[in-house]
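> show me how the following folds:
(3 chains)
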Amino acid sequence: MIRNLASAAMSSKITGRRIAAILVLGAAILLVPAAAQAQDETAFVLNTFSFLIWGVLVMWMCAGFTMLESGSVRSKNASMICLKNIGLYSIAGIAYYVLGYNLMYVDVSGFIGSFQFFYGPSAAETALIGGDAAQTAAVTENGYSVMSDWFFQMVFVATTASIVSGALAERVRLWSFFAFTAVLTAVIYPVVGAWTWGEGWLYARGFSDFAGSTIVHSTGGWAALAGILVVGPRWGKFQRDGSVKSTPPSNIPAVTLGVFILWMGWFAFNGGSVLELASAGAAVNMSNVIVNTNLAAAAGVLTALLVSRPILGRLDLFAGLNGAIAGLVSITAGPDIGSGGRAMLVGAVGAVICTAGLRFLESRRLDDVVGAVPAHLFAGAWGTMAVCFGGDYDWFVQLTGVAAVGAFAFSVSWLVWKGLDRLMGVRVGRNVEEIGQDATELGLDAYPEFVLMVDPDSGDDYRDED
Amino acid sequence: MIRNLASAAMSSKITGRRIAAILVLGAAILLVPAAAQAQDETAFVLNTFSFLIWGVLVMWMCAGFTMLESGSVRSKNASMICLKNIGLYSIAGIAYYVLGYNLMYVDVSGFIGSFQFFYGPSAAETALIGGDAAQTAAVTENGYSVMSDWFFQMVFVATTASIVSGALAERVRLWSFFAFTAVLTAVIYPVVGAWTWGEGWLYARGFSDFAGSTIVHSTGGWAALAGILVVGPRWGKFQRDGSVKSTPPSNIPAVTLGVFILWMGWFAFNGGSVLELASAGAAVNMSNVIVNTNLAAAAGVLTALLVSRPILGRLDLFAGLNGAIAGLVSITAGPDIGSGGRAMLVGAVGAVICTAGLRFLESRRLDDVVGAVPAHLFAGAWGTMAVCFGGDYDWFVQLTGVAAVGAFAFSVSWLVWKGLDRLMGVRVGRNVEEIGQDATELGLDAYPEFVLMVDPDSGDDYRDED
Amino acid sequence: MIRNLASAAMSSKITGRRIAAILVLGAAILLVPAAAQAQDETAFVLNTFSFLIWGVLVMWMCAGFTMLESGSVRSKNASMICLKNIGLYSIAGIAYYVLGYNLMYVDVSGFIGSFQFFYGPSAAETALIGGDAAQTAAVTENGYSVMSDWFFQMVFVATTASIVSGALAERVRLWSFFAFTAVLTAVIYPVVGAWTWGEGWLYARGFSDFAGSTIVHSTGGWAALAGILVVGPRWGKFQRDGSVKSTPPSNIPAVTLGVFILWMGWFAFNGGSVLELASAGAAVNMSNVIVNTNLAAAAGVLTALLVSRPILGRLDLFAGLNGAIAGLVSITAGPDIGSGGRAMLVGAVGAVICTAGLRFLESRRLDDVVGAVPAHLFAGAWGTMAVCFGGDYDWFVQLTGVAAVGAFAFSVSWLVWKGLDRLMGVRVGRNVEEIGQDATELGLDAYPEFVLMVDPDSGDDYRDED
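Next up, the predicted model:
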């Protein structure tokens, strides 16, 4: 419109002394849209940078899971869990690049996106960095660069896969786990994502899950639970007399470091999920999200410490650390809702659920080495429902989402685990389990120079079962 | 003013052929202020993002303190120090949210802010993210989002609390320490902050402390020193014959990792303390601050290594690592002042003071497990005075600030520690100390599978004292 | 030009009713350039912030190297490798400040820059932060703040130095290593940098190395290789009967953490090397670079795991971890080129080269403790040549660069190592090596409370050689 008015002005009869004024006008006319376009470009840059920086910090969460898990398992399996974690991050990145992102976001039909391979920058972007400056407007119109969004989405799928490795530690076979990871990150998670963030059927019904309490964390938790059922508990974990063998973490500082890394990364996980930075509203939202995330985690730690004595019978550091995770998972569905007070409450309830869940799983003789199911699945379901307190969401729709994602993620995961079991076996031999996966499968102890305690119970139990 | 001129133009008699020109003018008039407002919005976004990103990296320093401390204590207390650290960060975050920030920044009367509970986004911000776009100007006028500033301030108070945990490791009771942390972060630190950054009486006199050599680090150091006096040294640390029992760090790579994390986080601690990003001057300032911070730390490491032999009798890695911290603390009061040469000098002197301070404390039979008092209090005082070299500040005012903060922080801390001692006891029993807090209080060894050396001295010493 | 038109308008005879319109024009004229200047300032801020944030994450890579190396060496040398790493980062920072940057970037004559000391902000910058707002245009014209660029360059030189410490671990003398580090970071790396990024003779020929496969990584690798030759293998590593003694990493979780830190830091290493953020093209480029970096590393891990069995005889976690590094080093010369598919291919080939290189070095009886030469030198050379596949670069020029940098870095490093050997000795005594550098040189074991295995082979071998 501005340009048409300008032509009108130009075509009008102009006298000599007005020419200067008109020229000035022309300059202004050219400069003002230029300023507007520059503004669009600045917004594009800010949104892109936000995805990249926060994405890098979410990737860092994989190191957090690795530390948490390598400190939680017994030393004899610590190298293997390191390998599983660096492997799963690699597989997730490639599987999501080759297929997953397309299934999740490209032309989603309601239930699934496009079955096509690979993903890349837009044509306009490629032209722009190839030197065609005229593409700037076409590029900036998207709001952020295509691959910055891809990167941010990819580190989320890696988080889902990380949840599984801890739960099944110490007895799942390496290559079966890797195969499951490929299916999880190429198909299962993307389908759940297509229903929701990909704007499929759950999205259409109004399901809300800000940064993925259900989509990321419960999905990972369901996949882990299916694996726990198919793979079975570690030998000797549950004794015939009903007692549960304690398998204390082998390296508490490593577990603690892992939790701090996850907490740090969660600022990016939730903050970056504003998906925008370049407006006052987005920046305010991001700030509130980050503060609420912190308060939920802090309340989770303190609550878990307080309830660990009544629930677990003692002040329990491991419960406290899991309380941080549970608080973080719980707030993830709605960190943008309401005040810090609400965030603390959501986190505190999540921590109680998680602590009770640790005990519940043991009572069901389900062997979850790091407490991934209570922290990610139970707290994730709670958080997804909790958006109805304080947020304007429908509890039935939220429940539908929780249940549908659960039914899908659990049943497909169960089938995949079962199929893998038939195909290649999902569980290491008893001998491997006894000696540890590090020495038997990797030939590389995690701490080869340190003298370790012999596990006194294991031998007895093994004989019992024979 | 622009809008008035526009009306004047509109109300003037206009001929047909001028209408187009006038319309163009109108468009320009509407767009130009729009561009100015967009500029304000971009500045708001940048300043907010700066607080958030740097704040996340300052939070990460808590992991650094945790690694430093868990590696510095003996293995038998490593789980407990992990718990203290994740607990203190949680407590600090909640205490500062519930009360601390208000005491420090809201309507400061000279000595203290408002005794009111909770804190949250401004009304304009809440309206904006609720959908009222008209609030944009009211929001951006503040320069940054309210909660991004809160977040950045909160991670600072957590740093102060982190300083205390290391100094008192291996013998302070968990819940007494947590209670002290709550008072420190809800009241003591906020009052010091009100005097200075809250623009109270010290601020009015011209006291300058860029990122908190005194406000954050010395305050933490004074609180630690009071605790050291009230809690007393570990059993056996100081022998009757005047000798000092060596208690080497149990995990040097963990200590080193902790120092690298702190160093990294310090770029955020000092760089973010520019409190602004969105102008050329702020960006230049931030760059200079970060470079000076790095040079001071580097000089601190090398100087501490060089002077460790004459002062401590050997090339001392632990002194070198503390030299990094001392260099960082020293430059924190004035990283924006002068050249890199000055920064190196300030850091180097800080490292000498810290190394000598390690020895001085031992000679006074004060038991500071990680050297927190020399690194944070002594180097912090030095750094606060050092702004007079190169910066245009009054040494008497600086000294007043150092002394007033010290008198207040030390005496109130001492009273609180004394009160806690009477109320609940601040020190674990001798049996707990001998066996370790991990096994006795937590029932969770840090490294349960690793065979550890028996501490040969402790037994003898204990018998001596009986 | 705009200002001249304005004067013309002002000087033209103006009637009463036009005065308002002219005033409006004037306002627009003043505001439009103001908006353009604000836009320049925003760009300046964004570019500066990009250097700072990414620079902080590259600095973090030093912690990654430290963890990788301290976990890779035997426990008896773990404290010493921590000291070497924090020392080298300190030395690099100061040496590059005092001299290195000037040799690399200031008035490069083709082969070398200026032999002048120290570096600092521009005069305009100093004036601006001193309060002279009129300097804004002069400052922003540079595109980014002077010291933010310096900071980003400095963390790169530290990376080069980090490569050397790992290769020579467990037997190089501390102060000789520090002396070499000073020469490497003050002179050797800066000269290589002057030829290339400093726009010297290799740059003039069209040599391309985006973030430094050759300039940073191969230079470090050549310096390490020279050191390996002069310092010689650890006692007992290569037996008389041709067998190679296995020296497993002492702490696998630490090595894994180190690799995750490096991977994370590499996003900054390559992403920040776009050297700009504030345009749509730069942001798109940065996104593509970060995604390609991730895919190359992921492909590197999986490929190394797959080829480790045929090449090394077993599934090898250490090879897998080195595969990540090799993939990252390989893509570093051209992360901006082509699709993710190309990136995966480049990373995969790099991982094969690295894995085969591990074996090759052993067959040549070259003792590289962490595999730094295969991962950084071999993969770096491959990556530098690989830009010819997909990128529009001349393979002969690339080869010239690889060879010239190699010839220079290797020969000067060899001379320096030889000179240091004559001057102060570069190798610890056999006794020190047997007992470990920690106990003998530092008096500080890395894990003093943990009971360690006696190394059964070492004794025998030592007697053999006597």
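> from now on I want contacts and neighbour counts done on CA atoms only, so please keep to that.
Noted.
> name the nearest residue to the residue in the stretch 51-200 of chain A positioned nearest to chain C, ignoring sequence neighbours.
Taking CA to the nearest CA as the measure, the stretch 51-200 of chain A has A:Ser90 as its residue closest to chain C, at 4.1 Å. Nearest residue to A:Ser90, sequence neighbours excluded (CA to CA, 6 or more residues apart in numbering or on different chains): C:Ala298, at 4.1 Å.
> wait, is that neighbour part of a helix?
Yes: membership of C:Ala298 in a helix is supported by DSSP: H, G, I helix; E, B strand; the rest coil.
> quick check: it touching C:Ala324?
Yes: under the criterion of CA atoms under 8 Å, C:Ala298 is in contact with C:Ala324, at a separation of 6.6 Å.
> what sits against the residue in the stretch 251-400 of chain A positioned nearest to chain B?
Using CA to the nearest CA, the single residue of the stretch 251-400 of chain A nearest to chain B is A:Ala298, 4.1 Å away. A:Ala298 is in contact with A:324, A:327, A:344, A:347, B:89-91, B:93-94, counting by CA atoms under 8 Å, 6 or more residues apart in numbering or on different chains.
> so is the helix or strand hosting A:Val183 next to chain C?
With elements taken from DSSP states H and E, the one containing A:Val183 is helix A:174-183. No: Helix A:174-183 lies out of reach of chain C by CA under 8 Å from any CA of the partner chain, never closer than 10.5 Å.
> can you give me the neighbour number for whichever residue of the stretch 351-466 of chain A sits closest to chain B?
Of all residues in the stretch 351-466 of chain A, the one sitting closest to chain B is A:Leu452 (4.6 Å; CA to the nearest CA). A:Leu452 has 20 neighbours, counted by other CA atoms under 10 Å in any protein chain shown.
> skipping adjacent residues, who's closest to it in space?
Looking at A:Leu452 with CA to CA, 6+ apart, the closest residue is B:Phe450, at 4.6 Å.
> cool, and A:Ala268?
Of all residues not flanking A:Ala268 in the chain, A:Trp54 sits nearest, at 4.6 Å (CA to CA, 6+ apart).
> try A:Val56
The spatially closest residue to A:Val56, leaving aside those adjacent along the chain, is C:Met264, at 6.5 Å (CA to CA, 6+ apart).
> helices or strands next to the helix or strand harbouring that neighbour in the packing?
Assigned by DSSP H and E, C:Met264 belongs to helix C:252-271. Counting contacts by 3 or more CA pairs under 8 Å, 6 or more residues apart in numbering or on different chains; DSSP states H and E, helix C:252-271 packs against helix A:16-72, helix A:78-95, helix C:16-72, helix C:280-312, helix C:317-331.
> run the chain-centre distance for stretch A:92-112.
In terms of CA atoms, centre = their mean, to the nearest Å, the centre of stretch A:92-112 is found 16 Å from the chain centre.
> show me chain A divided up by domain.
Taking automatic domain parsing as the domain assignment, the ranges for chain A are A:2-34, A:47-465.
> and these, which one is worst for confidence?
For the domains of chain A, the weakest mean pLDDT is recorded on domain A:2-34, namely a mean of 53.
> coming back round to it: just name the most buried of the domains of chain A.
domain A:47-465 (a mean of 23; mean count of other CA atoms under 10 Å in any protein chain shown).
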